[in-house]
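K.L.:
Below: sequence and its predicted model.
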Amino acid sequence: WHGLHYALTGSVWEGAPPLNILASGGVPVGEEDVGYGPARVLDPASVAALQAALDQYSEVDFERNFDLQQLASEEVYPGIWDEPRDQLLEEYGEYLQALKTQVKRAAETGQGLIVAIR
């Protein structure tokens, strides 16, 4: 999740909405820490905006932004950035596709999303 957030935003913890969803986007729900802070919610309009942004985010963008040296120097979790790049690109590319699929499904049905990172 953290490496994917960095590739989407170019930021370790922040980044511009709506692509900052994994680490900082959405509205916190309560104060209970569920792993990396409280759960966060996106209303249906925010989900639609995220889906539009993810539709514009290409595989080329992902590969360009997935800089292993930057991920290592910024100490992005899980700290596996010395592994072969092609293997990591494949693994994190699958995570990106799963995120796109989930967000698209929610957007198409007018649903919101709850994000909790554990």
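P.N.:
On my side now, so go ahead.

K.L.:
Look up phi and psi at the nearest residue to Ala23 once chain neighbours are set aside.
P.N.:
Distance criterion Cβ to Cβ, 6 or more residues apart in numbering; nearest residue to Ala23, sequence neighbours excluded, is His5 at 4.4 Å. The C-beta positions use only the backbone N, C-alpha and C, and glycine is treated the same way. With angles defined as degrees, to the nearest 10, His5 sits at phi -60, psi -50.

K.L.:
quick one, what contacts His5?
P.N.:
Residues near His5 by Cβ atoms under 8 Å, 6 or more residues apart in numbering: 11, 15, 20, 22-23.

K.L.:
just Leu96 next, same as before
P.N.:
4, 7-8, 62.

K.L.:
hmm, back to that, how confident is the prediction for the residue nearest to Ala23, by pLDDT?
P.N.:
His5 carries a pLDDT value of 97.

K.L.:
to the chain's geometric centre, what's the distance from stretch 70-88?
P.N.:
Mean-position distance between stretch 70-88 and its chain equals 16 Å (Cα atoms, centre = their mean, to the nearest Å).

K.L.:
buried sites along it?
P.N.:
71, 76, 81, 88 (16 or more other Cβ atoms under 10 Å).

K.L.:
Stretch 91-101 now?
P.N.:
92-93, 96, 99.

K.L.:
Need the CA coordinates for that stretch. CSV is fine.
P.N.:
Taking C-alpha atoms only, stretch 91-101 is exported to CSV below (Å, rounded to 0.1, in the frame of the first residue of the first chain):
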residue,chain,number,x,y,z
GLU,A,91,3.5,-7.1,-7.8
TYR,A,92,2.6,-3.4,-7.3
GLY,A,93,1.0,-3.3,-10.7
GLU,A,94,-1.4,-5.9,-9.5
TYR,A,95,-2.2,-3.8,-6.5
LEU,A,96,-2.8,-0.8,-8.7
GLN,A,97,-5.2,-2.9,-10.8
ALA,A,98,-7.0,-4.2,-7.8
LEU,A,99,-7.4,-0.6,-6.5
LYS,A,100,-8.7,0.6,-9.9
THR,A,101,-11.2,-2.3,-10.0
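
K.L.:
Report the mean confidence score over the longest helix along the chain.
P.N.:
Scanning the chain for the helix with the most residues, using DSSP state H, yields helix 85-108. Helix 85-108 shows a mean pLDDT of 97.
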